[in-house]
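Peer 1: can't give you the sequence, but here's the structure:
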């Protein structure tokens, strides 16, 4: 999940308007940019869509780390197309956020100076080629759990962005599984890479859903607004149930000795991740936090002259056209 | 040199150009000045990788059943036949786009001629690649004009990029015995014959970009015949080929 | 002075005989670059499409539409499609 622990904002709006607004949402009528909406709804959405968008953009980095080392031309093309899609997803989401009144540059700067967060998962490194498979299979797999229901979210532009994104994400997860499967079925060294990737990405993937929120007032509000569709625990369970047989097929061991099928519940029982590690990562102490933000800041700062230069030329051209008329 | 050997060298020259430039452009993924440029550069790189698979695939067939991957990942520096222009480091975004424009201009003219190659396979590759490259050129030319004619800083940077890259342009138009043999067989034009059209195109765009073409016609060479590459290429290969070299025989 | 590139709304005709449809937005310094960016972002450069770009500022809106965006697959990049990857049946849906 690319938006974690999004706090919902309280609203001090006219109760009558609020009731009307809630009735629209309950009737599954989409809210569009020009419609009235509670301040809290607007602010919470900006935070959530922004966090999601930032995650796509920062998420380019761990996978981009292997584009120049991809082992075949076909794998290089696939990985590049995939990381390019992440940029596209970030772009669609930033556009959705813009309809709520925050410009791309404003929201970008909030990422760059640390005012806004991105998903904890992208603060983990990609150390061997099987990590690329693991990221596609596990990380995208976890993200899809949340993104599929969000296609039905109440805010129109967000819903439309999610529909487009989900269509593209399915290729992402499958290419990841395909890549790690090739390794799991390969030489002893390749199997070792695949298991190593599994060992490092399992718990961080479970953390993507965030800590349990079954008692959270923020989640209750977001669910009433239909900008959050399921609880974190529901999605995490669904992810585990789906992933265990896929790992078994590959012959990979999930690094959890307590993982067992619970016949009574009809679900797998599994160990919780170390939540103190999660909070450390959120606070900025993950293995890659500093490097990730530094890379984004460098791209933004180094690119300033390009953005300014192309805009200056466009303005000169426009002035020239006006003068010629 | 037999005709087949010359033909294979020609295919390596085409395929190594797109392989190395595609690799260089892919280095930008996730680091471009703005999302729209990031996505556009990735499209260019994807096209070039796709063209590489076609050129090197054919070169491999000619060379005794090798695959495009064998050629890309298992040759050393001295076997590469790309022009030096495509292997120099990216530098800033301006240098990357200037290099792209200088290459695209040559590439589009070359592919235009290859459409009527006497070899059907070459003509077929050119038919697909020329459409892609026409767009690359449109985009890189427009960006070079925008940045050249943008702010004082962007103008200065683009002039510096042009001054740095210009000595690498001449190599694209050097004709040797291989070229003569290939041209005589009607497979490809003699590179030297493309220069006038290229100069006219480049001058037109650079004038709009308010940039000054360096006067010197000095040209670094050695890439197309493998006699002398830059130091940049070895570093590029050590990254690109690492997995294949470290785990020989594995399938990915 | 604001140095942010303007926002453009993108409309694409997917096939001959169809109307242009709104597919999304993007940023670009001017209309020409907006068209190019739209090709790269929203069509992955399929042949036979027509693109309209309108600066978002210049759109006057009445009531919002509920229609979802088009999806333009790329024809030569088959690996973008999930069916390119062969997933064993035992693994289940993905």
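Peer 2: Nice, I can see it. Just so it is clear, the model here is predicted, and its values are computed rather than measured.

Peer 1: what about residue B:77, neighbour count?
Peer 2: Residues contacting residue B:77 under the criterion other C-beta atoms under 10 Å in any protein chain shown number 16. Placement of C-beta: from N, CA and C, glycine included.

Peer 1: shouldn't it be in contact with residue B:234?
Peer 2: Yes: using C-beta atoms under 8 Å, residue B:77 is in contact with residue B:234, at 5.4 Å.

Peer 1: Who's the closest spatial neighbour of residue A:4, skipping the chain neighbours?
Peer 2: In space, and not counting its chain neighbours, residue A:4 is closest to residue A:210: 4.3 Å by C-beta to C-beta, 6 or more residues apart in numbering or on different chains.

Peer 1: The one you found - how many residues pack around it?
Peer 2: Considering only other C-beta under 10 Å, residue A:210 is surrounded by 24 other residues.

Peer 1: now do the one 3 residues further on
Peer 2: Other residues near residue A:213 number 20, with proximity taken as other C-beta under 10 Å.

Peer 1: I figured it hits residue A:223, correct?
Peer 2: No: assessed by C-beta under 8 Å, residue A:213 is found out of contact with residue A:223, at 9.5 Å.

Peer 1: Now do the shared contacts for these two.
Peer 2: Both residue A:213 and residue A:223 are contacted by residue A:231, under the criterion C-beta atoms under 8 Å, 6 or more residues apart in numbering or on different chains.

Peer 1: which residues of the stretch 201-325 of chain A fall in helices?
Peer 2: A:217-224, A:232-250, A:275-280, A:289-302, A:304-324 (DSSP state H, counting those that start in this stretch).

Peer 1: closest one to chain B among the ones you listed?
Peer 2: helix A:304-324 (2.8 Å; C-beta to the nearest C-beta).

Peer 1: all strands for chain C, in order.
Peer 2: C:7-13, C:21-27, C:50-55 (DSSP state E).

Peer 1: can I get those in TSV with mean pLDDT, distance to residue A:202 and mean neighbour count?
Peer 2: Formatted as TSV, those follow (pLDDT from 0 to 100; distance: least, C-beta to C-beta, whole Å; neighbours: other C-beta atoms under 10 Å in any protein chain shown):
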stretch	mean pLDDT	distance to residue A:202	mean neighbour count
strand C:7-13	94	40	21
strand C:21-27	94	35	22
strand C:50-55	95	44	16
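
Peer 1: Which among those is found nearest to residue B:72?
Peer 2: For the strands of chain C, proximity to residue B:72 was assessed by C-beta to C-beta; strand C:21-27 is nearest, at 33.5 Å.

Peer 1: Tell me which strands that closest one pairs with, and in which orientation.
Peer 2: Sheet pairing for strand C:21-27, assigned by DSSP bridges, gives strand C:7-13 (antiparallel).

Peer 1: before we move on, back to that, in TSV: the helices of the stretch 201-325 of chain A, plus distance to chain B and mean pLDDT.
Peer 2: Formatted as TSV, the helices of the stretch 201-325 of chain A follow (distance: least, C-beta to the nearest C-beta, whole Å; pLDDT from 0 to 100):
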stretch	distance to chain B	mean pLDDT
helix A:217-224	27	89
helix A:232-250	16	97
helix A:275-280	25	96
helix A:289-302	5	98
helix A:304-324	3	93
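
Peer 1: Please tabulate those in JSON lines, including the columns distance to residue B:64.
Peer 2: Shown next, in JSON lines, are those (distance: least, C-beta to C-beta, whole Å):
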{"stretch": "helix A:217-224", "distance to residue B:64": "63"}
{"stretch": "helix A:232-250", "distance to residue B:64": "36"}
{"stretch": "helix A:275-280", "distance to residue B:64": "54"}
{"stretch": "helix A:289-302", "distance to residue B:64": "43"}
{"stretch": "helix A:304-324", "distance to residue B:64": "46"}
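
Peer 1: Put together TSV for those helices, with mean neighbour count on each row.
Peer 2: Listed next are these as TSV, based on neighbours: other C-beta atoms under 10 Å in any protein chain shown:
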stretch	mean neighbour count
helix A:217-224	17
helix A:232-250	18
helix A:275-280	14
helix A:289-302	16
helix A:304-324	17
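
Peer 1: Which of these sits closest to residue A:169?
Peer 2: Per C-beta to C-beta, nearest to residue A:169 of the helices of the stretch 201-325 of chain A: helix A:232-250, 14.1 Å.

Peer 1: Quick check, the residue in the stretch 101-250 of chain B closest to chain C?
Peer 2: residue B:139 (5.6 Å).

Peer 1: Nearest spatial neighbour of that residue, chain-adjacent residues omitted?
Peer 2: residue C:36 (5.6 Å).

Peer 1: For that neighbour, give its distance to residue B:43.
Peer 2: 10 Å (C-beta to C-beta, to the nearest Å).

Peer 1: Those two: who's more crowded?
Peer 2: residue B:43 (24 against 21).

Peer 1: what about the more buried one, which helix or strand?
Peer 2: If you go by DSSP states H and E, residue B:43 is part of helix B:35-62.

Peer 1: For the stretch 51-200 of chain A, which residues are neighbours of chain B?
Peer 2: A:57, A:60-61, A:64, A:67-77, A:80-81, A:83-84, A:87-88, A:90-91, A:94, A:129, A:179, A:182-183, A:186-187, A:189-190 (C-beta under 8 Å from any C-beta of the partner chain).

Peer 1: Now a PyMOL select for only the buried ones of those.
Peer 2: Buried residues among these (16 or more other C-beta atoms under 10 Å in any protein chain shown), as a PyMOL selection:
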select buried, chain A and resi 57+60+61+64+67+68+69+70+71+72+73+74+75+76+77+80+81+83+84+87+88+90+91+94+129+179+182+183+186+190
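
Peer 1: Mind checking which of the residues of the stretch 51-200 of chain A next to chain B are in helices?
Peer 2: Those of those mapping onto helices are A:57, A:60-61, A:64, A:73-77, A:80-81, A:83-84, A:87-88, A:90-91, A:94, A:179, A:182-183, A:189-190, per DSSP state H.

Peer 1: Which single residue in the stretch 101-250 of chain A comes nearest to chain B?
Peer 2: For the stretch 101-250 of chain A, C-beta to the nearest C-beta, closest residue to chain B: residue A:187, 5.0 Å.

Peer 1: next one: phi and psi at that residue?
Peer 2: phi -70, psi 170 (degrees, to the nearest 10).

Peer 1: tell me, how many neighbours does the residue lying closest to it once chain neighbours are set aside end up with?
Peer 2: Using C-beta to C-beta, 6+ apart and skipping the chain neighbours, the partner closest in space to residue A:187 is residue B:250 (5.0 Å). Residue B:250: 16 surrounding residues under other C-beta under 10 Å.

Peer 1: which residues does residue B:250 contact?
Peer 2: So residue B:250 contacts A:71, A:186-187, A:189-190, B:243 (C-beta under 8 Å, 6+ apart).

Peer 1: now residue C:8
Peer 2: C:25-28, C:31, C:34, C:37-38, C:53-56.

Peer 1: who's in contact with the closest residue in space to residue C:30 that isn't next to it in sequence?
Peer 2: Leaving aside its chain neighbours, residue C:30 sits nearest to residue A:314 (3.7 Å; criterion: C-beta to C-beta, 6+ apart). By C-beta under 8 Å, 6+ apart, the contact set of residue A:314 is B:146, C:29-30, C:33.

Peer 1: For those, give me a markdown table that also has neighbour count and pLDDT.
Peer 2: Listed next are the contacts of residue A:314 as a markdown table, based on neighbours: other C-beta atoms under 10 Å in any protein chain shown; pLDDT from 0 to 100:
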| residue | neighbour count | pLDDT |
| --- | --- | --- |
| B:146 | 27 | 98 |
| C:29 | 25 | 97 |
| C:30 | 21 | 96 |
| C:33 | 26 | 96 |
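
Peer 1: Low-confidence stretches in chain C?
Peer 2: In the prediction, chain C carries residues with pLDDT under 70 at positions C:1, C:44-48, C:63-76.
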